[in-house]
Each structure stands twice: as C-alpha cells, then as structure tokens.
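Enquirer: Need a 3D model of the sequence below.
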Amino acid sequence: MGLRFETRASDSPWVDTVWTCTSDQVVEMTSVAAVCWGLVFWERDGTSYASISGPETRTGTAPVPEGATFVGIEFAVGTSLRLVPTPALVDRGVELPDATHRTFRLDGRRWATPGPDDAEDLVDRLVRAGAVVRDPLVTDLRRGHRPAVSGRTVERRFRAATGLTQGAVRQIERTRTASALLAARVPVADVVAGLEYFDEPHLARALRRYVGRTARQLREGTGGAIALALGQPTTS
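Expert: This next block holds a predicted model:
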C-alpha cells in the first residue's frame, strides 16, 4: 500500500483540518504548499515524537519511514502560538522536546498527546491556557468582513499573524482547490475557468510550484505519494 493519508474538516473555529497518515514501507512523499501551521505527532518503533509545522510556500519531498503513524492538527489561518510567531515557522518546523506516547511539552507545560478524534479537545485546552491565540482582524477578514483600517494595516497584521501575504494565501488555496477538482476528474478547461486562471499554462505553473504534480498526474492518480487529501487515501 505504501502510504495512507486521510484528512477531515473540523467544526472548531481554531482548526482547519485534522489528518492522519500511516506508512507500510519507506516512501518518498511529495509535500504540498500550505497556508496553515500545525502540530504533528508520530510514532515509530515504540518511540514518540512531536513537532510544530509551519506554512509551506512551495512543494518539496520528504522521506517517510516504514511503520510510522502520524496525527496532525492544522490550525486556522490567523491563529498562532503565543511563544512562536508564525512568520518564524514559514518553510520550517520545530521539534518539541520530551514527547512520549501519552504527553508532549509545549509552552512550558505538558499536554496529553491527542488522537485523531480528540484533537479539538487539545486545541480547546491550549486556547483556554492562552498558548494558542489569534488576530481577530484576520479572522474577520477570512469570514469576508472588511476591517475599518487601511489596506496597509490589514496587510501588515495579516503577514504578522500568518507569515504570508494575502496574495500568497489565495494562490496556494486556489491551487489546492484546483488539485482536488482535477483529482475528481473535472476537465482542465473547467478548472481554469471556474478558478479564474488566465489559461492552462498558468494553472500548470501553479501546480508545479505548489503541488509538484501535473494536471494529468492528478487526474490519473499517478506521481507517487502526496501529502494532500484528494477525496481518497493517496498511495505510492
């Protein structure tokens, strides 16, 4: 099977998605550009690990060892850790110390390591403790509200909260949406028109930069393991 990657949406306003991944063999996985930061927990050979993942501005590759199991929480755009500004996490991650099967250390405290079904419970505790915060201006902006401040102020606060510009977030999210549509075998021309790409080469460049796949590979389900939910578990 190689790699099984699944994701689900969340009803928490603080969480974007929760994902799981299991590897049955050593896999070279394609990572995909992402606008969210997250917490990742994994185990292999009886050893537990935890880390903070940052937003990713481009595609890349990462080896996944055999026999590893992962649980990840992707936090909503505009949220951040109190002690780690999101801009400091862009295109990098931070390993958390002293992780065990039961607990991990963050923000000076130990927390229960979550499974995929109790991720929101952990997030609620982090929020109540003030370890996870958010900029309400960015939250309102994401909900379609127009803040009563200048565009320069909006962009400054958006970048401070997310580590990315609004334009970069739109491009990455649009390309991920395009990938899901193509994997569902929506015609390329319809994806171009529906998501307002200038033309098919414009879409192809975005896919190459942010997803590491061609439209044909996405439609055919080829190209190897990929860290992106496309309607079904993705395997190598």
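Enquirer: Where do the strands of this structure begin and end?
Expert: Along the chain, counting by DSSP state E, strands occupy 3-9, 15-23, 27-31, 38-44, 47-53, 60-64, 69-75, 79-81, 93-95, 103-106, 109-112, 132-134.
Enquirer: now for these, which one comes closest to Gly163?
Expert: For Gly163, the closest of these is strand 79-81, at 8.8 Å, according to C-beta to C-beta. Just so you know, the C-beta spots here come from the backbone N, C-alpha and C atoms, and that holds for glycine as well.
Enquirer: And the closest one, what's buried?
Expert: For strand 79-81, a neighbour-count test (16 or more other C-beta atoms under 10 Å) marks 79-81 as buried.
Enquirer: For stretch 210-230, the averaged confidence score.
Expert: For stretch 210-230, mean pLDDT is 89.
Enquirer: just how off-centre is it within its chain?
Expert: 16 Å (C-alpha atoms, centre = their mean, to the nearest Å).
Enquirer: low-confidence ranges in the chain?
Expert: Confidence mapping of the chain against pLDDT under 70 gives the ranges 1, 230-236.
Enquirer: Can you lay out the strands of the chain as JSON lines showing distance to Thr222?
Expert: Below are the strands of the chain laid out as JSON lines (distance: least, C-beta to C-beta, whole Å):
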{"stretch": "strand 3-9", "distance to Thr222": "14"}
{"stretch": "strand 15-23", "distance to Thr222": "19"}
{"stretch": "strand 27-31", "distance to Thr222": "12"}
{"stretch": "strand 38-44", "distance to Thr222": "26"}
{"stretch": "strand 47-53", "distance to Thr222": "26"}
{"stretch": "strand 60-64", "distance to Thr222": "16"}
{"stretch": "strand 69-75", "distance to Thr222": "23"}
{"stretch": "strand 79-81", "distance to Thr222": "35"}
{"stretch": "strand 93-95", "distance to Thr222": "28"}
{"stretch": "strand 103-106", "distance to Thr222": "37"}
{"stretch": "strand 109-112", "distance to Thr222": "40"}
{"stretch": "strand 132-134", "distance to Thr222": "38"}
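Enquirer: list the contacts for the nearest residue to Leu81 once chain neighbours are set aside?
Expert: Using C-beta to C-beta, 6 or more residues apart in numbering and skipping residues adjacent in sequence, the residue nearest Leu81 is Val132, 6.2 Å away. Val132 makes contact with 14, 75, 79-82, 123, 126, according to C-beta atoms under 8 Å, 6 or more residues apart in numbering.
Enquirer: Now for Val188, how many residues are close by?
Expert: When neighbours are counted by other C-beta atoms under 10 Å, Val188 registers 18.
Enquirer: Next: the one 3 residues further on.
Expert: If you count neighbours by other C-beta under 10 Å, Val191 ends up with 22.
Enquirer: Asp11 now?
Expert: 6.
Enquirer: Name all residues that make contact with it.
Expert: When contacts are counted by C-beta under 8 Å, 6+ apart, Asp11 touches Glu120.
Enquirer: try Val138
Expert: Contacts of Val138 (C-beta under 8 Å, 6+ apart): 77-78, 157-158, 161-162.
Enquirer: So which residues of the chain form helices?
Expert: 119-128, 136-142, 151-162, 166-183, 188-194, 200-210, 215-220 (DSSP state H).
Enquirer: Quick one: list the elements packing against the longest one.
Expert: Helix 166-183 sits against helix 151-162, helix 188-194, helix 200-210, helix 215-220, with contacts defined as 3 or more C-beta pairs under 8 Å, 6 or more residues apart in numbering; DSSP states H and E.
Enquirer: Most tightly packed of these?
Expert: Across those, averaging neighbours per residue (mean count of other C-beta atoms under 10 Å) puts helix 215-220 on top, at a mean of 18.
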